[in-house]
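Student: Can you look at this prediction? I've put the sequence above it.
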4 protein chains.
Amino acid sequence: MLLNKWLSSVADVGREMLSRKNDSRKSKTLEEYCADLMSNKGEALGTAIANEVATSYQTADDEKKLSFFQHLLEQYSPDPEAVITLANAYRDEPSYDSYVALSEAIEAPRQKLFKRMNMASKGTEVIVALRKDFLRLVKDHPELKPIDFDLLHLLKSWFNRGFLTLAEIDWNTPAVILEKLIEYEAVHSMSGWDDLKKRLGPNRRCYAFFHASLPNEPLIFVEVALVNGLASAIDPLIDPNPYDNSHNDVLDTAIFYSISNCQSGLAGISFGNFLIKQVVMELKKECPQLTQFATLSPIPTFRRWLSHELDNLESRFINSSSRTTLSLMNEVNWPASQEHCDLLQPILMKLCAQYLINAKKSGKPYDPVTRFHLGNGARIERLNWLGDKSEKGLMQSAGLLVNYFYDIDEVEKNHEAFMNKGTISHSKDLAKLLQVS
Amino acid sequence: MLLNKWLSSVADVGREMLSRKNDSRKSKTLEEYCADLMSNKGEALGTAIANEVATSYQTADDEKKLSFFQHLLEQYSPDPEAVITLANAYRDEPSYDSYVALSEAIEAPRQKLFKRMNMASKGTEVIVALRKDFLRLVKDHPELKPIDFDLLHLLKSWFNRGFLTLAEIDWNTPAVILEKLIEYEAVHSMSGWDDLKKRLGPNRRCYAFFHASLPNEPLIFVEVALVNGLASAIDPLIDPNPYDNSHNDVLDTAIFYSISNCQSGLAGISFGNFLIKQVVMELKKECPQLTQFATLSPIPTFRRWLSHELDNLESRFINSSSRTTLSLMNEVNWPASQEHCDLLQPILMKLCAQYLINAKKSGKPYDPVTRFHLGNGARIERLNWLGDKSEKGLMQSAGLLVNYFYDIDEVEKNHEAFMNKGTISHSKDLAKLLQVS
Amino acid sequence: MLLNKWLSSVADVGREMLSRKNDSRKSKTLEEYCADLMSNKGEALGTAIANEVATSYQTADDEKKLSFFQHLLEQYSPDPEAVITLANAYRDEPSYDSYVALSEAIEAPRQKLFKRMNMASKGTEVIVALRKDFLRLVKDHPELKPIDFDLLHLLKSWFNRGFLTLAEIDWNTPAVILEKLIEYEAVHSMSGWDDLKKRLGPNRRCYAFFHASLPNEPLIFVEVALVNGLASAIDPLIDPNPYDNSHNDVLDTAIFYSISNCQSGLAGISFGNFLIKQVVMELKKECPQLTQFATLSPIPTFRRWLSHELDNLESRFINSSSRTTLSLMNEVNWPASQEHCDLLQPILMKLCAQYLINAKKSGKPYDPVTRFHLGNGARIERLNWLGDKSEKGLMQSAGLLVNYFYDIDEVEKNHEAFMNKGTISHSKDLAKLLQVS
Amino acid sequence: MLLNKWLSSVADVGREMLSRKNDSRKSKTLEEYCADLMSNKGEALGTAIANEVATSYQTADDEKKLSFFQHLLEQYSPDPEAVITLANAYRDEPSYDSYVALSEAIEAPRQKLFKRMNMASKGTEVIVALRKDFLRLVKDHPELKPIDFDLLHLLKSWFNRGFLTLAEIDWNTPAVILEKLIEYEAVHSMSGWDDLKKRLGPNRRCYAFFHASLPNEPLIFVEVALVNGLASAIDPLIDPNPYDNSHNDVLDTAIFYSISNCQSGLAGISFGNFLIKQVVMELKKECPQLTQFATLSPIPTFRRWLSHELDNLESRFINSSSRTTLSLMNEVNWPASQEHCDLLQPILMKLCAQYLINAKKSGKPYDPVTRFHLGNGARIERLNWLGDKSEKGLMQSAGLLVNYFYDIDEVEKNHEAFMNKGTISHSKDLAKLLQVS
């Protein structure tokens, strides 16, 4: 049967304001509505007042928002004197009552405010949007930063992995969600619906996490291609030849070629680790013939690092002959010259292997993508020469792509070695590149 | 059928443990798994270890659970010394860093533990069950009580009104949910599916709140009958004459005749206020002809209070002639005697009106149902003689039922008067009863 | 709108009558509405007039219905003279026009009427109910029988296998459907919801065919138990010991222990063959460890046949010594006597094997269940002594149950041998029983 | 999210072929598979053989398809001799048996074949596609035409209004359906997803009929704009100014501005009449403030007719002065000249009114859109000067658009007057235009 509104959570439509007669209230400020919401009126009329706070916030301009955040800092912070007093009382007699008193004193009142705001219709959406605003405005107003602790603390709790649902996204998914993929794709951008349809085509998969309170908003999504053997280039994955079915019978590898966070209001909450591992589980179950799970990833800060090393005349990574050869990369469209490529390939491949394995920043891998996958327990498997010849690929990754390999049986061991000893798990292939003279 | 895959939400099936080779781990204790979960291993393998904690907890007996709670108290409480030090630092210099340090120090480590447990498959279910266990066991172990502050604090945040979905429940609802109604109905019990079907019959409605993480578990539900005028007796509502359609064309009143909380693990989180008001909104929208919204409620502690007053020879409510008449209630099946009824009715009606309006406990209405509805902004509308002749109805409420009336335009005013001045809103009918000589 | 009515399609609510001002029309007879519906008015106002026909039919009593059927016979039959004329014209010149003229002349006008009735809201439901009425009434009015050809012809076309959807039924299924299972179960009856829940419990499956126009009505359903090895008795399947999980790890056999047609208005349309085979496919996919698919079936006319043979003193199946022993079955509760059983078992088992393999009725197996499964390509696998000691089991099947085995690779061969040569496929076990002296 | 398993209908995935060992069968021709399907093998293995017929058909080229249709004509037509014989027998003795024999003799065997083909996975889709092929090929092979009677007869029965579901289509609809709208829009074409999104924007509605067997294929859809007063131009409807909300508070009129049939394989089955009327019902229910329901329609053969009249020097519609003025329309982009417009407007408006009301073809309105809406019971309400200045609009309708008005209370009367007397219902406005001198 035809289900009319597809995913639309019809039920929530009704969560409307109680009708409110007193129109004088309409003229209250955002700060006054907040005071109402925190009062005991907030209990009887929670949803109604929360809606007024939400609407008032949503219609505010940046100046008003800034002054609202200032207000939150000044009026809705915990009182350290009270905390000290109650902490002393609790230390002296750690009873239930002293514990409760201390605990309540320390929670910033703005947390309570945010919780009550969440009762509004689409309250969670408003709070995620509020944090997005906040992160934008805090850049010029660092004194507001403490508020972010409370926002992040709350959102981490609400967007706990246990509250997320994994959904497969395909051409049967509502357009309202699909258009978000086009918007949010952060690795290999899509120019529109035609690109999107290719990524949801045969032997392609897409999975996202959703939260019940943001039904039309993916939180993070990953794009996967089912192929034969490790993929070495991005183009055949995102722009496949529709007539080539040659390897369909021997699909043994799932390639995670793009993973994008969607909600800047949820920055700082990590979803990627969980997503990759659950998708591995899903795929193993759905396609038992899959035996390998790996990424095809950019190396986004490789050229930035390379440029630093080139500037550093005492770089331990680059000798003078390499330096000369590397200058070929200054030529426009150097990948088109086979001659240049022949000279550059051995040097760049070795340097990139060194970069991935040895370049550090605060003791961790220099490259953010490396940090992410190693932190998840993956190992560096293979470097792919000119796997991404797009402008962005050349500018950031010198056209290279790397496969991080997820061997489920090794993930725990790799992770612990990485966390405890900083060990960079890598394949023999990578080790060989390091040896290249 | 146009049931797109999108709806199937198959995906969660896969939220299984990563396969774990090391069988030695199988022998760890619950406490050891918790330590693992709190370690940085918990980050890489969160879901897997959380599953082990959950399974280990679920298979524990009461003795083990008690010792686990003891462990939570001893090992997972905040450190007051650290709090004091950091609160001082924060007071001296309220920077972001000092704020974060203090905030993290004060959150009991067991809150972090519960949050990580929540990542397990059905983690939220396990935590709600854990709190149910806890509330049972804490009775004999009051020293554990501080743990409940953290559990309740977390669950209140997770079961925020903004995360609840209102659903109508009818005969098209899955059996797995319907059987819960039979189990949880707390006011007018149902003996089985036949009773249930009557409550979901023509001109009956049932609404419940659900949370996305407990999809088969209503949190609270309310049963409603659409009738003509205020209902005065329970039997026609729960066991209607199927051949009587006489008043179907003039249904102007929605009677909320039963409201039941379902999850004892969520005790202390109030859902009823929100539920009633949202259902009023829903019904107004669906059935514009409805003009009155009221309950038909028991008066559950009326006879307990009456008994106290009878024991108290100086009661200001009962004079000696009443006292004599009231002894008729000791006779078995007194409501069957018209003579007894004629004598008892004026006395009981007046006493009950006095009870509802004047009897107090810690300054609030003595009757818990009165406290609830008055707190929501309702007013006491009408007392109904022998509206519930069931054994329970006679034992608790002396067979009386009361209508609390929800006039949406008055709710806010009533609520504030009740909260600020203890005003008991009531109708002229009730006022008259008080005057009866 | 409020959270989904589960399967209910909101959109269809609107398929209501166009408002019709002319109230005089309200007084038309069913026959007059039918005339309207067949007129060109029926085209502009199809749904509205169809609704009036449907309502008028539904509110008719048996007498009116009978006279309506009489009317259909007299006024809505094809005209043989016209058919002869047009058939001659077509034979003489088989053009498109002559073909259309002939084809339209031969279709009984009542088919067109039924098709237009189907446009009514829930029209298909009404027509299925109409045929149910018809089959009841035709018994005493055999002259009406030709109408059934048209009804059956139409319903066969509409309930074509291609329009059916297989759905798994479990405890998540809406109650409105589940209660139908209790009502329609025809083999091993259920006394209520508790029985039903057992049949949908662990390692149990239930599948049904549905048609989009009867969303709450299963057409046929089959109950399956996943067990270890061929099941030999019904009780462990329908009333399993909840504490016995001994064989859960070696479930290799799916036992189809009950299959029930639900719609008497669809009598004569065969769904069972398709259902069993598709369920075999489903189960193979869902549970790859299953290697055997078989029924556990009653032998419903065994005792009737036995009784005929006992009456026939020259029966070629029963000798005099058997005859004597068989009289033990006249004793109440004979299965409780081990002594009786020891005497009866060899005789009944052999007789039943003979019955299944050799007893015929119009050249086909005497037993209707045998005819059904053999016609589907199954083979007779094993006889089970006292597999069903219920009163019905003893009265019909002498307490025996038989397994029909579906070997997908043999189904076609078995079917053809059965259809062409009447071959009764059976196992060596059955063959041996025939040899018992 | 409360997405119960029941919705997932996993089950249809499994309607696959029974595995068939005998590979020799793979080499059969389409005609041989058909013979198998018609044999009694077709009963035991219906779905499997039907799948082979379907696959074999789908992979055939046009030559093979043509020879297949030839085969259907020769081998699967009814036998007129048998029909004559059996019709005589039925006339002589109209018994059940003679009725059945005659009825079965007259149904073309190809109907039985199509019904059995329908059992294949996606069988209905294949048959609709087959008819699409057929309609293309029959043009050059008119002798095949009788086959179409059987196809259409069957498809009309299967796509009976009673089996269609109305669904609202919006931005929450799966992309797989939305892309069909872009493809099938036949009145005001869409260039892509951006155009589509506008048509599904605020105060826009789209409804379609679906059939359960073609879940991703709308059969017909209508686009509606909710506006204030009768709309007079198409651009503001399909490319609205997103910043103009001026009239949102007084939306009283639903304009049906585009209606497109989608399935050429279902040509000859009328869905539009039902669709418009049901959408009127839906909108009335959802938006009670709507009081007018009308189309904004092209007049697609107006200029063709005009051109005929211009060629006809004795046209009773055009005098010589008009003739001269009309020649201004030969100029490129004449609507840009206010002067030309001033001259043309009175003449074209009057001519178009005459065209709509008086121009006939076989006694019916000349314009197909007029025939359709008048046949549904609408009246001609208003002509709109230069309502559609697109190239197509100018070429076909001389830039004019017309509103057909659906007054539900008049629909029946209008329809009957139109059918019985050819009355063209029209407004006073139209009547006035006729009077213009």
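Tutor: Arrived safely, thanks for sending. Numbering: from 1, shown residues only, chains lettered A, B, ... in the order given.

Student: A:E223: how many residues sit nearby?
Tutor: For A:E223, the neighbour count with other Cβ atoms under 10 Å in any protein chain shown is 25. (Each C-beta comes from the backbone N, C-alpha and C, glycine too.)

Student: Next: A:L401.
Tutor: Neighbour tally, A:L401, other Cβ under 10 Å: 23.

Student: And the residue of the stretch 301-437 of chain A found nearest chain B, how close does it get to B:K112?
Tutor: Of all residues in the stretch 301-437 of chain A, A:H415 sits closest to chain B, at 3.7 Å by Cβ to the nearest Cβ. For A:H415, the distance to B:K112 (Cβ to Cβ, to the nearest Å) stands at 19 Å.

Student: These two: who's more crowded?
Tutor: Neighbour totals were compared for A:H415 and B:K112, and A:H415 leads with 23 against 16 (other Cβ under 10 Å).

Student: element containing that one?
Tutor: For A:H415, the host element (DSSP states H and E) is helix A:411-421.

Student: Contacts only, for A:L430.
Tutor: A:353, A:356-357, A:380-383 (Cβ atoms under 8 Å, 6 or more residues apart in numbering or on different chains).

Student: Tell me which of those fall in helices.
Tutor: A:353, A:356-357 (DSSP state H).

Student: ok, and the most crowded of those residues?
Tutor: A:L356 (26 neighbours).

Student: and that residue, what pLDDT?
Tutor: pLDDT, A:L356: 97.

Student: how close does it sit to A:Q338?
Tutor: 26 Å.

Student: again with A:T253
Tutor: 29 Å.

Student: How about the backbone phi and psi for the closest residue to A:G387 other than its chain neighbours?
Tutor: Closest residue to A:G387 apart from its sequence neighbours, by Cβ to Cβ, 6 or more residues apart in numbering or on different chains: A:L401 at 3.3 Å. Note on A:L401: backbone dihedrals following degrees, to the nearest 10 are phi -130, psi 150.

Student: pLDDT at A:L401, what is it?
Tutor: 97.

Student: The one 4 residues further on now?
Tutor: The confidence metric pLDDT takes the value 97 at A:F405.

Student: Kindly report the same for A:S270.
Tutor: 89.

Student: what do you get for the one 10 residues further on?
Tutor: Note on A:V280: pLDDT of 94.

Student: any idea how far it lies from D:H141?
Tutor: 56 Å.

Student: Please identify which of the two sits among more neighbours.
Tutor: A:V280 (20 against 13).

Student: right, and that one touches A:I408 too?
Tutor: Yes. The pair A:V280 / A:I408 is scored as a contact, 6.4 Å apart, by Cβ atoms under 8 Å.

Student: who touches both of those two?
Tutor: A:F293.

Student: before we move on, what SS does A:L181 have?
Tutor: Per DSSP: H, G, I helix; E, B strand; the rest coil, the secondary structure class of A:L181 is helix.

Student: what's around the nearest residue to A:G46 once chain neighbours are set aside, how many residues?
Tutor: Once flanking residues are discounted, A:G46 sits nearest to A:M119: 4.9 Å by Cβ to Cβ, 6+ apart. A:M119 has 24 neighbouring residues, counting by other Cβ under 10 Å.

Student: Return the helix or strand in chain A with minimum mean pLDDT.
Tutor: The helix or strand of chain A with the poorest confidence is helix A:41-44; it has a mean of 65 (mean pLDDT, DSSP states H and E).

Student: what's the average pLDDT for the helix or strand that that one is followed by?
Tutor: Scanning forward in sequence from helix A:41-44 by DSSP H and E, the next helix or strand is helix A:46-58. Averaging pLDDT along helix A:46-58 yields 89.

Student: Looking at A:T253 and A:Q338, which has the bigger crowd around it?
Tutor: Taking neighbours as other Cβ under 10 Å, A:T253 and A:Q338 compare with A:T253 leading, 19 against 8.

Student: quick one: the more buried one and A:S232 touch, right?
Tutor: No. A:T253 lies out of contact with A:S232 (Cβ under 8 Å); the separation is 11.4 Å.

Student: and the strand or helix carrying A:A225, how far from the chain's centre?
Tutor: Using DSSP H and E, A:A225 sits within strand A:220-227. Averaged C-alpha coordinates place strand A:220-227 at 15 Å from its chain's average position (Cα atoms, centre = their mean, to the nearest Å).

Student: which of the residues in that strand are buried?
Tutor: A:220-227 (16 or more other Cβ atoms under 10 Å in any protein chain shown).

Student: Next, format those residues as TSV and append distance to C:N51 and pLDDT.
Tutor: Listed next are those as TSV, based on distance: Cβ to Cβ, whole Å; pLDDT from 0 to 100:
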residue	distance to C:N51	pLDDT
A:I220	51	97
A:F221	48	97
A:V222	51	97
A:E223	50	97
A:V224	51	97
A:A225	53	96
A:L226	52	96
A:V227	57	94
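
Student: So which of these is the closest to A:K428?
Tutor: Taking Cβ to Cβ as the measure, A:K428 lies nearest A:V227 of the buried residues of strand A:220-227, at 22.0 Å.

Student: partners of that closest one in the sheet?
Tutor: Beta-bridge pairing for A:V227 (DSSP bridges): A:T253.

Student: now do A:P174
Tutor: Following DSSP bridges, A:P174 is listed with bridge partners D:P174.

Student: D:I177 is in contact with that one, correct?
Tutor: No. Using Cβ under 8 Å, A:P174 makes no contact with D:I177, being 9.7 Å away.

Student: Please identify the buried residues of whichever helix or strand A:K132 is part of?
Tutor: Here A:K132, judged by DSSP H and E, is contained in helix A:123-138. Buried residues in helix A:123-138, defined by neighbour count with 16+ other Cβ under 10 Å: A:123-131, A:133-135, A:138.

Student: quick one, phi psi at A:S260?
Tutor: According to degrees, to the nearest 10, A:S260 has phi -130, psi 130.

Student: again with A:N261
Tutor: phi -80, psi 140.

Student: Domain map for chain A?
Tutor: With domains defined by automatic domain parsing, chain A comprises A:25-158, A:161-295, A:302-435.
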